[in-house]
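Student: One predicted model, sequence on top.
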Amino acid sequence: MDAKLHSKIMRNLPQHSPPKDMLNKTLYVQLELHQVLEVDQKNGFWFARASFFINYYSQSAIWDPSQYNDIQYLTLKQDEIWSSDLVIANAIDVRYIANPDVFLFHNGRVTLKSSLVAVKLACSFDVTHFPFDQQTCYFKIGSAFSTQFLYNIVSESSEAVLDWYTENDQWELMRPVKLHVQRTIVDANANLGADDFVAEVRYEKAVAFYIVLICPNLLLYFLSSLVFALPVESGDKLSFISTILLAEVVTVSTLNDVLPESSLGFPIIAYFVIAIIIHLSLLCFGSVIGKLNTYCLKI
């Protein structure tokens with residue numbers, strides 16, 4: 001690094017506040033989504049791998065490369081110049097961060113963060129149409145302290161970059177991933193607000209997941225109708241329908257392991273399973289009555 005250039009930058013860019021010549025007092029944010037690693041509807045979170053970039057432009061960061069040994073950019077530590085307090089607002093756990101340094105380019109572009117993260121994010125799931133549900137979760141970047149009087153937030157594009165996205169085997173990403181900035185009013189009297197950068201990530205379950213959950217219930221339901229083909233005096237009639245009822249109870253425990261304890265809606269499939277259990281219980285009850293009636297007639 002050229003010592004003269006480093007000294008110039010450190011002299012021009014403040015360490016504890018945004019530069020006064022920051023272009024439009026604006027931070028530009030961009031997101032690249034690489035993969036949805038996991039969606040845990042049971043516990044209310046999703047796990048993703050992504051890169052996000054926070055930039056601003058300043059006249060104080062411009063230099064002529066020809067005067068500084070043809071240096072096109074500089075790398076500084078985050079504590080050497082002012083760095084925004086933007087964080088992933090709805091993160092539960094950030095597993096990995098890369099490139100924590102600040103990058104300065106000769107055209108005045110300052111990249112405060114260029115981070116690759118594997119992050120666990122909170123999400124509210126609506127399982128009303130489970131397992132045919134489409135979920136919408138959010139990747140939010142914002143500040144709890146800074147307001148628009150210090151800086152604004154602008155999305156560099158209307159959609160997240162998906163050039164390096166890897167599909168999940170259980171969840172299919174619904175493209176595009178929309179980006180927007182959402183302003184939260186902090187003090188209505190002073191017209192004071194704070195901006196959040198929001199990525200709207202929508203996805204749906206893979207087709208194979210439907211077969212695993214729906215087909216066993218449908219199969220048991222249709223098998224239960226075969227009980228009418230067995231003669232009333234046969235002892236197999238009651239044992240057959242009892243076995244079907246127990247098998248359905250096992251599928252209920254499987255659903256209980258998958259469905260969240262609380263959600264924005266009660267799943268329709270749960271009504272379907274309840275109806276099947278009531279239907280099988282009535283058949284079982286009818287088989288018992290029929291068996292008792294046959295026994296009484298013999299006496």
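Tutor: Perfect, thanks for sending it. Since the model is a prediction, treat every value here as computed from it, not as a measurement. Residues are numbered from 1 along each chain as shown.
Student: My read is that I88 contacts V94, right?
Tutor: Yes - here I88 lies in contact with V94, judged by C-beta atoms under 8 Å, at a distance of 6.6 Å. In short, each C-beta sits where N, CA and C put it, glycine included.
Student: who's more crowded, the two?
Tutor: Neighbour count, other C-beta atoms under 10 Å: between I88 and V94, I88 has more, with 19 against 14.
Student: what's the distance between the more buried one and D126?
Tutor: I88 sits 23 Å away from D126, taking C-beta to C-beta, to the nearest Å as the criterion.
Student: circling back: any shared contact partners between I88 and V94?
Tutor: V117, V119 (C-beta atoms under 8 Å, 6 or more residues apart in numbering).
Student: Run through the residues that contact T136.
Tutor: Applying C-beta under 8 Å, 6+ apart, we find T136 in contact with E200, V201, R202.
Student: For those residues, which single residue is the most surrounded?
Tutor: Compared across those, V201 has the highest neighbour count, 23 neighbours, by other C-beta under 10 Å.
Student: Confirm that that residue sits in a helix.
Tutor: No - going by DSSP: H, G, I helix; E, B strand; the rest coil, the assignment for V201 is strand, not a helix.
Student: Pretty sure L33 is one of the things it touches, is it not?
Tutor: Yes - if you go by C-beta under 8 Å, V201 and L33 touch, sitting 7.0 Å apart.
Student: Going by neighbour count, which residues in the longest helix seen in the chain are buried?
Tutor: If you go by DSSP state H, the chain has its longest helix at helix 268-298. By neighbour count with 16 or more other C-beta atoms under 10 Å, helix 268-298 contains the buried residues I269, A270, V273, I276, L280, L283, C284, G286, S287, K291.
Student: closest to N43 among those residues?
Tutor: Nearest to N43 among these: A270, at 18.7 Å, using C-beta to C-beta.
Student: how near is that closest one to L27?
Tutor: 45 Å.
Student: cool, and W82?
Tutor: W82 is 11 Å from L27, by C-beta to C-beta.
Student: More neighbours: the two, which one.
Tutor: More crowded of W82 and L27, by other C-beta under 10 Å: L27, with 25 against 19.
Student: That one touches Y57, doesn't it?
Tutor: No - under the criterion of C-beta under 8 Å, L27 makes no contact with Y57, lying 10.0 Å away.
Student: picking that back up, any chance of TSV for the contacts of T136, columns pLDDT?
Tutor: What follows is these, written out as TSV (pLDDT from 0 to 100):
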residue	pLDDT
E200	94
V201	94
R202	93
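Student: give me phi/psi at the closest residue to G108 other than its chain neighbours?
Tutor: Using C-beta to C-beta, 6 or more residues apart in numbering and skipping residues adjacent in sequence, the residue nearest G108 is I62, 4.2 Å away. Reported as degrees, to the nearest 10, the phi and psi values for I62 are phi -90, psi 140.
Student: Model confidence for I62, exactly?
Tutor: With respect to pLDDT, I62 has a value of 91.
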